[in-house]
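Enquirer: What shape does this take:
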Amino acid sequence: MQLTGIRVVDLTRIISGPFCSMLLADMGADVIKIEPPEGDPVRQQGVILEGMSWYFAACNRNKRSVRLDLRSKEGMAALKHLLQTADVVIDNFRPGVMDAMGLDWDTLNTLSPGIIHTSINGFGETGPYAKRPAFDFIAQAMSGFMSMNGTPDTGPMRSGLPISDTVAGTYAALGTVAALFRRTQTGQGERVCASLVDSLLSYGAFASANFLATGEQAPTTGNDHPLVAPYGLFTAFDGDIAVAPSNDMVYGKLLTALGLTHLHDDPRFANNAARVKHRAQINAAINAVTQHHPKSHWIDVLNRAGVPCGTVMSLAEVYDDPQIRSQEMVLDVPHPGHGTVRMNGFPLKFKQAPCGIRHPAPDLGADTADILRETGYDEAAIAEVAGPSAVSAAAAHR
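Expert: Residues are numbered from 1 along each chain as shown. Model (predicted):
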């Protein structure tokens with residue numbers, strides 16, 4: 001695995017930070033999740049089966065858990081001791097919290113010269129909003145994303161998924177890997193920051209580009225493409241199909257497949273700009289044909305014609321789809337004491353050093369004694385930090 005030998009001390013919780021550290025763990029990093037006595041709040045969220053939150057398990061695989069009370073002198077001392085062995089430390093606190101904990105950049109770099117400190121926050125480390133609390137919903141609203149999503153009838157709409165959390169977590173993981181590579185060349189550590197708002201704003205693509213060029217915000221178009229027509233959902237006999245003829249050549253293939261070649265001569269549809277202006281009319285012409293056959297018919301006909309298309313699939317259909325199964329995007333992971341947890345597979349595929357499950361999401365504090373012992377703590381010191389039960393539990397585990 002690409003990051004074998006890299007130790008990450010993970011101070012994050014909820015989604016953005018754990019998603020970042022999970023990506024690093026999946027690629028081989030030794031991720032040590034530091035949790036407060038009550039644990040990551042996500043342990044109590046989502047569907048809980050046999051004492052395990054599947055939501056927590058899906059974002060915290062391949063990690064080890066250390067339970068520390070960082071408000072205590074002993075807990076903070078143990079964290080600093082552990083940081084001396086770290087290549088990376090990740091937090092998703094508000095700016096200034098790490099400094100207030102006595103873990104400013106100079107201290108971290110003294111504890112572990114060359115350390116990479118990656119932070120994920122809501123708005124960035126500077127500016128008038130830096131200290132504000134933020135969650136995904138707020139980031140979707142304040143990044144412009146929500147204003148570009150929806151229809152004139154619905155008004156602004158959020159994504160159903162916590163997209164700013166996962167995008168920021170992905171950027172943070174990318175930045176961490178880039179900083180680790182730079183360290184191999186310079187020997188220097190780095191501060192890496194990714195914010196929810198900046199990360200989601202960077203995904204603006206053509207909408208941001210067009211606004212920056214013209215100063216005008218494009219209207220929301222729902223499932224239609226703002227710049228291309230026809231492009232969107234169309235009605236088959238038994239439901240909707242998604243069709244994406246992205247240029248004139250593919251549009252021509254679509255007309256041929258639908259038996260609508262006479263529309264080539266219609267001036268309303270002569271080019272893409274004209275079709276966007278007359279979107280309702282071209283969509284109606286297509287729907288008049290597609291509604292007479294089932295989805296399966298059109299998926300076969302259009303794909304053979306070279307027109308990108310697909311059905312709108314429920315999660316049940318997605319996870320049962322032969323393509324998804326072929327990509328091993330569903331994993332059955334045994335969690336001792338909690339049964340088998342099903343979770344998403346690895347979106348990144350490596351030929352020589354593939355991602356894998358080395359161990360499941362840990363129970364709270366399951367690795368406290370072992371990890372402290374690895375860093376030089378004796379049994380008495382471990383008991384002082386984690387309590388006698390952690391020592392006995394670790395001994396039983398071995």
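
Enquirer: hey, let's count contacts and neighbours off CA atoms from now on
Expert: Fine.

Enquirer: Now do the helices in the stretch 51-200 of the chain.
Expert: For the stretch 51-200 of the chain, helices defined by DSSP state H, counting those that start in this stretch occupy the ranges 54-59, 73-83, 97-100, 105-111, 136-142, 163-186, 196-201.

Enquirer: Next: the stretch 201-350 of the chain.
Expert: For the stretch 201-350 of the chain, the helices defined by DSSP H, counting those that start in this stretch cover 205-214, 248-258, 272-277, 279-290, 295-305, 315-319, 322-326.

Enquirer: now the helices of the stretch 51-200 of the chain as a markdown table including distance to Pro336?
Expert: Supplementary listing: those in a markdown table, determined by distance: least, Cα to Cα, whole Å:
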| stretch | distance to Pro336 |
| --- | --- |
| helix 54-59 | 12 |
| helix 73-83 | 27 |
| helix 97-100 | 34 |
| helix 105-111 | 35 |
| helix 136-142 | 32 |
| helix 163-186 | 28 |
| helix 196-201 | 35 |
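
Enquirer: Just name the most buried of these.
Expert: By mean neighbour count, with neighbours taken as mean count of other Cα atoms under 10 Å, helix 196-201 ranks first of the helices of the stretch 51-200 of the chain at a mean of 23.

Enquirer: between the helices of the stretch 51-200 of the chain, which one is nearest to Gln327?
Expert: When these are compared by Cα to Cα, helix 54-59 sits nearest Gln327, at 17.5 Å.

Enquirer: elements contacting the closest one?
Expert: In terms of contacts (3 or more Cα pairs under 8 Å, 6 or more residues apart in numbering; DSSP states H and E), helix 54-59 is packed against helix 16-26, strand 339-344.

Enquirer: With just CA atoms, put that helix into PDB.
Expert: Provided in PDB are the C-alpha atoms of helix 54-59 (Å, rounded to 0.1, in the frame of the first residue of the first chain):
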ATOM      1  CA  TRP A  54     -22.800   1.300  10.500                       C
ATOM      2  CA  TYR A  55     -22.300   5.000   9.700                       C
ATOM      3  CA  PHE A  56     -19.300   5.100  12.000                       C
ATOM      4  CA  ALA A  57     -18.000   1.800  10.700                       C
ATOM      5  CA  ALA A  58     -18.100   3.100   7.100                       C
ATOM      6  CA  CYS A  59     -15.900   6.200   7.800                       C
END
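
Enquirer: List the neighbours of that helix that are in contact with it.
Expert: For helix 54-59, the surrounding residues in contact (Cα atoms under 8 Å, 6 or more residues apart in numbering) are 15, 18-19, 22, 42-43, 45-48, 341-344, 360-361.

Enquirer: now do stretch 294-312
Expert: 236-245, 250-251, 253-254, 257, 290.

Enquirer: Make a ChimeraX selection of the buried ones in the residues you listed.
Expert: Selecting the buried subset of those in ChimeraX, with 16 or more other Cα atoms under 10 Å as the burial test, is done by:
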select :236,237,240,241,242,243,244,245,250,251,253,254,257,290
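
Enquirer: farthest-separated two in the contacts of stretch 294-312?
Expert: Maximum pairwise distance among the contacts of stretch 294-312 (Cα to Cα): 24.6 Å, between Asp238 and Val250.
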